[in-house]
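A.B. asks: give me coordinates for this.
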Amino acid sequence: MVNSVTLHDQDFHAWTLQQATLLRQGRWAEADIEHVVEELECMGASERQELICLSVLDSPGHALSPQVVD
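C.D. replies: Residues are numbered from 1 along each chain as shown. Model prediction:
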């Protein structure tokens, strides 16, 4: 779907709304599946990285973890 690829590059928010509508309506052939999959994979990787960073920051002895002061 050439139009969606262009929209993906030009207006990401509009593209996401368009893709959500197409998928909700079961219009799979019209959806930009390649980019949808790519974005889901990136989202998953970002979430995983965030969880790893948060667990490191919360680990005892880390410079940015909360310190108990007497």
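A.B. asks: can you tell me the SS state at residue 47?
C.D. replies: With DSSP: H, G, I helix; E, B strand; the rest coil as the basis, the three-state label of residue 47 is helix.
A.B. asks: when you give positions from now on, start the count at 41
C.D. replies: Got it, first residue is 41 now, which makes that one residue 87.
A.B. asks: report how many residues lie close to it.
C.D. replies: Residues within reach of residue 87, counting by other Cβ atoms under 10 Å, total 10. (C-beta placed from N, C-alpha, C; glycine too.)
A.B. asks: OK, contacts around the residue sitting nearest the centre point of the chain?
C.D. replies: The centroid of the chain falls nearest to residue 83 when counting by Cα atoms, centre = their mean (2.5 Å). Residues counted as contacts of residue 83 (Cβ atoms under 8 Å, 6 or more residues apart in numbering): none.
A.B. asks: would you mark the buried spots in the host helix or strand of it?
C.D. replies: Per DSSP states H and E, residue 83 falls inside helix 73-98. Judged by neighbour count using 16 or more other Cβ atoms under 10 Å, the buried positions of helix 73-98 are 75-76, 79.
A.B. asks: which one of those is nearest residue 69?
C.D. replies: Set against residue 69, the nearest of the buried residues of helix 73-98 by Cβ to Cβ is residue 76 (13.0 Å).
A.B. asks: pLDDT wise, what is the closest one at?
C.D. replies: Listed pLDDT for residue 76 reads 95.
A.B. asks: and the residue lying closest to it once chain neighbours are set aside, how far from residue 47?
C.D. replies: With sequence-adjacent residues excluded and distances taken as Cβ to Cβ, 6 or more residues apart in numbering, residue 76 is closest to residue 59, at 5.6 Å. Counting by Cβ to Cβ, to the nearest Å, the gap from residue 59 to residue 47 is 9 Å.
A.B. asks: hey, C-alpha coordinates of stretch 65-80 in PDB?
C.D. replies: This file holds the C-alpha atoms of stretch 65-80, laid out as PDB (Å, rounded to 0.1, in the frame of the first residue of the first chain):
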ATOM      1  CA  GLN A  65     -12.300  -3.500  10.100                       C
ATOM      2  CA  GLY A  66     -10.500  -6.600   9.100                       C
ATOM      3  CA  ARG A  67      -9.100  -4.900   6.000                       C
ATOM      4  CA  TRP A  68      -5.800  -6.800   6.200                       C
ATOM      5  CA  ALA A  69      -5.000  -6.500   2.500                       C
ATOM      6  CA  GLU A  70      -5.100  -2.700   2.700                       C
ATOM      7  CA  ALA A  71      -3.000  -2.500   5.900                       C
ATOM      8  CA  ASP A  72       0.700  -1.700   5.800                       C
ATOM      9  CA  ILE A  73       1.600  -5.000   7.500                       C
ATOM     10  CA  GLU A  74       5.400  -4.600   7.000                       C
ATOM     11  CA  HIS A  75       5.500  -1.300   8.800                       C
ATOM     12  CA  VAL A  76       3.000  -2.400  11.500                       C
ATOM     13  CA  VAL A  77       5.200  -5.400  12.300                       C
ATOM     14  CA  GLU A  78       8.300  -3.300  12.300                       C
ATOM     15  CA  GLU A  79       6.800  -0.800  14.700                       C
ATOM     16  CA  LEU A  80       5.500  -3.500  17.000                       C
END
